[in-house]
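K.L.:
Sequence unavailable; structure follows:
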């Protein structure tokens, strides 16, 4: 007989090395093993004790795995809890739409979404702003403030990049589809932005887009000086136009009187603004007119689009969807030199005789940019004057009505007869 060299016991034929030791020992421990204990001695002494230790270790690993899974589930629910609350521009926590989560397999959590009535719904037990603020404070007020500032700056940068791209596409469209594009420039903030974009696209120094400038003889001296500085900076020469038959303000006042612009406002607009504007577009053979008009200029332009077809002369408004705040942020972020009178409280600059400063707090309100324009001037019907007359579809000569409100709204839609 073949005996085990360790204890001298015989190895029975039924005891083979192919026997699963762990399974057999488990049966042995339950008293159900079909094999004698000596069979296990084939593998040496201490095999049973080693198995017991292994089973204890395996149990510990299993318990650790369960704990790990529970930790992940808890962390997921906490993260999802944070994801259910977002920050508004005012810094107050606002609920995100239901279903927005970072984990598709998350367990159901309490929603912080308001119901249609604006109150906390049945399952929205913590949706009030005070509680949400407490949640943010619990996660660190400093961290929440930092995240809010970062989010705000990122949002503004993304919006600015989109608006810039949109405006450039509109300008490129104009140049590619019109033979004689013209940009009537008054050097207000939006016009300065357009000059910068035209320069970046190479359309100023090459004269691909003609710049038109109307001198009413009543402009601020700073406006004249600023236009000359802009011409030098961007290496182009603007096309200057003024009242036909006159070379200075004194000549006009000698003929019509010093206060003729008060006595006959439509006559003044026709002589000093409308006529030279129309003549400029006609002399430049303009078929596409780039404007700086925007929707936030006022209710007459509230539905302005980037492209406006016209009768022989189309209008392209690259800044149509910008706000005055967008314009100002762009000037500052791109470090673009703007009209010096902005620093003296003027949000928009027109004639010196009727343009006044406006408190900075009013600048970025709807239509706030033009609050200081046409100060003290009224239309024939007694309404406040908001337009100079060049943006009228029917202003074909200086005798026509120059009231933009009665003319059906703003827009560079002047028909030259």
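P.N.:
Received it, and whenever you're ready, just let me know what you need. As the structure is a prediction and not an experimental result, all values here were calculated from the model. Numbers count the residues shown, from 1 in each chain.
K.L.:
can you give me the helices for this structure?
P.N.:
Assigned by DSSP state H, the chain shows helices spanning 21-29, 47-83, 129-138, 141-177, 189-200, 221-234, 249-256, 260-263, 265-269, 275-283, 324-333, 360-363.
K.L.:
between these, which gets nearest to residue 302?
P.N.:
Closest of the helices of the chain to residue 302 is helix 324-333, at 14.2 Å (criterion: CB to CB). Bear in mind the C-beta positions are built from the backbone N, C-alpha and C, glycine included.
K.L.:
can you pull the pLDDT of residue 164?
P.N.:
Per-residue pLDDT puts residue 164 at 96.
K.L.:
Starting from residue 194, give me the distance back to it.
P.N.:
Distance of residue 164 to residue 194, computed by CB to CB, to the nearest Å: 11 Å.
K.L.:
before we move on, what about residue 201?
P.N.:
11 Å.
K.L.:
who has more neighbours, residue 164 and residue 194?
P.N.:
residue 194 (22 against 19; other CB atoms under 10 Å).
K.L.:
dump the residue contacts of the nearest residue to the more buried one once chain neighbours are set aside.
P.N.:
The shortest distance from residue 194 to any non-neighbouring residue, by CB to CB, 6 or more residues apart in numbering, is to residue 292 (5.6 Å). Contacts for residue 292 were tallied using CB atoms under 8 Å, 6 or more residues apart in numbering; they are 185, 186, 188, 190, 191, 193, 194, 317, 319.
K.L.:
who's in contact with the last one?
P.N.:
The neighbours of residue 319, taking CB under 8 Å, 6+ apart as the test, are 163, 167, 190, 193, 194, 292, 293, 294, 327.
K.L.:
How many residues are close by residue 283?
P.N.:
13.
K.L.:
Give me the distance between it and residue 248.
P.N.:
Taken as CB to CB, the span from residue 283 to residue 248 is 21 Å.
K.L.:
what stretches of the protein score poorly on pLDDT?
P.N.:
By pLDDT under 70, the weakly predicted segments of the chain are 1-51, 75-146, 374-417.
K.L.:
Look up phi and psi at the closest residue to residue 288 other than its chain neighbours.
P.N.:
Spatial nearest neighbour of residue 288, chain neighbours left out: residue 178 (3.2 Å); criterion: CB to CB, 6+ apart. Torsion angles at residue 178 (phi, psi; degrees, to the nearest 10) stand at phi -130, psi 140.
K.L.:
Against residue 312, how distant is residue 178?
P.N.:
Counting by CB to CB - residue 178 and residue 312 are separated by 12 Å.
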